[in-house]
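> Mind looking at a prediction? Sequence and model below.
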Amino acid sequence: MVKELSREEKNIKVPVGVSMLEVAHENDIELEGACEGSLACSTCHVIVMDMDYYNKLQDPTDEEMTCWILLLGLQRRKFWSHLGCQIVARPELDGICLALPAASRNFAVDGFVPKPR
């Protein structure tokens, strides 16, 4: 499930092997992903709403941690944050609930709507 803070919840069945960034784009969820999942930005930042699921995720790579520098003012461990492009659906993540932060550091021009490729 993906929950946009201050917006409606969407329950989405996600095939194994698909990233949450791809899921967002395929389901008209406003999660930018400016670098298209190449670990060069932080615009697909999501918040994992349950610590049990957060603990099932792989530890962030050095490349992902570098992207966190772009999230000024975020205390990453205070929130259970990850990049949506790095969360890939696996059976043990069935039922995970993600939230979109109220704001992100956006590289695109205002009004830009990401389109899946």
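Received it, and whenever you're ready, just let me know what you need. Residues are numbered from 1 along each chain as shown.
> Nearest residue to Glu92 in space, ignoring adjacent ones along the chain?
Lys56 (5.4 Å; CB to CB, 6 or more residues apart in numbering). C-beta coordinates here come from the backbone N, C-alpha and C atoms, glycine included.
> Report pLDDT for the residue nearest the centre of the chain.
With distances taken as CA atoms, centre = their mean, the residue of the chain nearest its centroid is Gly84 (2.6 Å). Predicted confidence (pLDDT) at Gly84: the value is 94.
> For Met51, which non-adjacent residue is spatially closest?
Per CB to CB, 6+ apart, closest to Met51 is Trp80, 6.0 Å.
> What of Cys67?
Using CB to CB, 6+ apart, the nearest residue to Cys67 is Ser42, at 4.5 Å.
> cool, and Asn27?
Ile12 (5.6 Å).
> what number of residues lie near that neighbour?
Using other CB atoms under 10 Å, Ile12 has 15 neighbouring residues.
> again, but for Ser19
Ser19: 19 neighbours (other CB under 10 Å).
> gap between it and His82?
11 Å (CB to CB, to the nearest Å).
> Leu39 too?
For Leu39 relative to His82 (CB to CB), the value is 12 Å.
> coming back round to it: surely the residue nearest to the centre of the chain touches Gly33?
Yes - using CB atoms under 8 Å, Gly84 is in contact with Gly33, at 6.9 Å.
> list the residues that contact both of these two?
Common neighbours of Gly84 and Gly33, using CB atoms under 8 Å, 6 or more residues apart in numbering, are 21, 24, 44.
> Great, nothing more from me.
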